[in-house]
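In: Sequence and predicted structure, then a few things I'm wondering about:
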Amino acid sequence: MVSLALTLALAAAVLVSLVCGTAKISFMDVLKVFSDESQVKEATRLIILRIRLPRIFLAGLAGFTLSLGGLVFQGLLRNPLADPFVLGVSSGAAFGAVVGIILGFSFGLGVPVFAFLGAVITIYLVFVISGRGMGVESSTAILAGVIVNAFFTAVIMFFIATSSEDRLHSMLFWLYGDLSQSRISYSVIIAPVAVAGFFLLYSFSRHLNLLAAGEESALHLGVDVQSARVVCFLVVSLMVGLAVSFTGLIGFVGLIVPHLARMIFGSDNRLLMPVSALGGALFLIAADTAARTVMSPSELPVGVITAFLGAPFFIYLLKARGSRWARR
Amino acid sequence: MGAAMSFEKVGFRYEDRMWALKDISFQAEQGELIGILGPNGSGKTTLLKLGNGLIRPKQGDVFLKEKSVRSYSRLHIAREVAMVPQETHFHFTFSVLEVVLMGRFPYLKRFQFEGERDIKIAQGALEATHSIEFANRSIHELSGGERQRVLIARALAQEPSVMLLDEPTTFLDLKFKKEIFELISWLVRSKGITAIVVSHDIELASKYCDRIIMLKEGQMVFMGSPHEVITSESIKHVYDCAAVVDQNPVTGAPRVSVI
């Protein structure tokens, strides 16, 4: 039911987002593009199908994977601060992507592979640093993530500082999340991975519920904690790595959306997974629509919008709930 | 009446450290309540972990319904053995009913939701532990004693043949301590569950348990009925603490007074 409502909201958001933009295109024109092509101008058709739609799809998919990743990380590590960005997966993926770009690979296939490798290497590093016999110490994992994050960001900044002038601008944009270069082919690559990843993660949703009371408690109830953890971390790394390689670094989505979902719907991951994923898509489409309209005709990186909304929202959460975080 | 769980010459140590447990042999019969006593570090918790297969014995073997625990999968063990820890902290908010339904995990398939039967079993478990009135409250709103009852309910929802309890009364006050022991004892008598309780409450354990095992430095030093085991000599030997043991004038259970 809730998922259905969110899907409808998502469809509505896509339509609204199609209407908004620098070029004035009416709602009726948008509808006509999909129903009766002959009645609209060629330019309108191109703007809708070639520019806005690919971008909306990419934003939606990125939001979907990032907030799903955040939800799963928070559950695995039992820490409200965990998300792909904080744990360094995003910047690891970004690092991989930058290395790929520098080595001259194209965006088509090479760069995502590098981004994925970067993400997996990061999660492995975080694991090794925070690992301790059987379990992973969650606050150590967060700290390890922050450190790895800082390191990779420094490396990326180094590359930017040493690269040529005009690449610099686009890379800077990319660091704050850049959806302006979207092509429909990107979404075609991400979508199957995101959908398959969702179902794989969903099959672990009950495992994640049981992990809320600690790893040992989950073991008592028959959860194979080790394999659940490895599979979930790998799947999230793959999804996020892939998405980030096309969109650049977009922060806060993986924190805000799952926490909002928890505030409204409780802690059952079977419900939270679809809600967070769809909610994340909705949120990022809205944020990106804002990013390309508020300063029209110039654009903002979408990460600026998410951080701009995210930081105050987080402070509010922190103040309103104090240390009682996820408890309610 | 076969043994629900038996230890045969079990030894365990962590890597190359000292033996945490040595030569442990006993049989827990179906419907028996066994108390494990001993000072800190005597291997009580290790013994429970061996019982539900979280760690594997380095010597001897642990048997569950006459089959080695090694031959069970994690999921399969969870259908036979339930564990109640000292204290459980939930990092996210769940309702009491949701927590108890978690006990159904070992019976559900990957994409399966809890059905009517599971909810009935969970409600039954909540009724048995007198906590049905909390069913819709958040687990975080409960007091320590209430929460411990809910965790026993979760263990019951696993429909286990053996329940292991690791100092379930440590953080509770006197009234709740007694309540928990009464509950365990009632479950053992009425449902035929075998329970092994690790405890520091010598008097409560000896009032409710059928048999007491005393551990010292990883070895079983005494085993028998509470009256046989709880003596001033055994307390002195195991806890290194002088005590007078006489009978409680009302219940007849051994009474320990430290001197």
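Out: Alright, I've got the coordinates.
In: drop to CA atoms for contacts and neighbour counts, all remaining ones
Out: Noted.
In: so what's A:Arg270 up against?
Out: A:Tyr202, A:Ser205, A:Arg206 (Cα atoms under 8 Å, 6 or more residues apart in numbering or on different chains).
In: Repeat that for A:Gly100.
Out: A:Ser106, A:Gly110, A:Val111, A:Phe114, A:Ala115.
In: how much space between the third one and chain B?
Out: A:Val111 sits 35 Å away from chain B, going by Cα to the nearest Cα, to the nearest Å.
In: And the fourth one, by the same measure?
Out: Distance of A:Phe114 to chain B, computed by Cα to the nearest Cα: 33 Å.
In: shouldn't that residue be in contact with A:Ile102?
Out: No. In this structure A:Phe114 lies outside contact range of A:Ile102 using Cα atoms under 8 Å: 11.1 Å.
In: So between these two, which is more surrounded?
Out: Neighbours were counted for A:Phe114 and for A:Ile102 using other Cα atoms under 10 Å in any protein chain shown; A:Phe114 has more, 25 against 13.
In: overlap between the contacts of A:Arg270 and the residues near chain B?
Out: Applying Cα under 8 Å from any Cα of the partner chain to the contacts of A:Arg270, one finds that A:Arg206 fall near chain B.
In: Just the ones in helices from the contacts of A:Arg270, please.
Out: A:Tyr202, A:Ser205, A:Arg206 (DSSP state H).
In: quick one: which of these is nearest B:Thr88?
Out: Closest to B:Thr88 out of those is A:Arg206 (18.0 Å), distances taken as Cα to Cα.
In: Format the contacts of A:Arg270 as a markdown table; extra columns: pLDDT, neighbour count and distance to A:Leu300.
Out: A markdown table is the format used below for the contacts of A:Arg270 (pLDDT from 0 to 100; neighbours: other Cα atoms under 10 Å in any protein chain shown; distance: Cα to Cα, whole Å):
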| residue | pLDDT | neighbour count | distance to A:Leu300 |
| --- | --- | --- | --- |
| A:Tyr202 | 94 | 23 | 34 |
| A:Ser205 | 93 | 23 | 36 |
| A:Arg206 | 92 | 21 | 39 |
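In: quick one: which of the contacts of A:Arg270 is nearest B:Gly2?
Out: Nearest to B:Gly2 among the contacts of A:Arg270, with distances taken as Cα to Cα, is A:Arg206, at 34.6 Å.
In: For the stretch 101-250 of chain A, list the residues in contact with chain B, please.
Out: So far as Cα under 8 Å from any Cα goes, the stretch 101-250 of chain A lies against chain B at A:203-204, A:206, A:210, A:212-214, A:217, A:219-224.
In: switch the cut-off to 6 Å
Out: The stretch 101-250 of chain A comes close to chain B at residues A:Ser203, A:Ala212, A:Ala213, A:Leu221, A:Gly222, as judged by Cα under 6 Å from any Cα of the partner chain.
In: Top of the residues you listed by number of neighbours, please.
Out: A:Leu221 (28 neighbours).
In: What values do phi and psi take at B:Leu37?
Out: Reported as degrees, to the nearest 10, the phi and psi values for B:Leu37 are phi -120, psi 160.
In: Contact partners for it?
Out: B:Leu37 makes contacts with B:Ser199, B:Met214, as judged by Cα atoms under 6 Å, 6 or more residues apart in numbering or on different chains.
In: For stretch A:222-241, give me every contacting residue.
Out: A:Thr65, A:Gly69, A:Ala93, A:Ala115, A:Phe116, A:Ala119, A:Val120, A:Ala194, B:Arg74, B:Leu75, B:Ala78, B:Pro106.
In: Tell me which of these fall in helices.
Out: Counting by DSSP H, those contribute A:Thr65, A:Gly69, A:Ala93, A:Ala115, A:Phe116, A:Ala119, A:Val120, A:Ala194, B:Arg74, B:Leu75, B:Ala78 to helices.
In: how close does the fifth one sit to chain B?
Out: Okay, so that is A:Phe116. Taking Cα to the nearest Cα, one finds A:Phe116 at 27 Å from chain B.
In: what's the nearest residue to that residue if we skip its chain neighbours?
Out: A:Gly241 (4.5 Å; Cα to Cα, 6 or more residues apart in numbering or on different chains).
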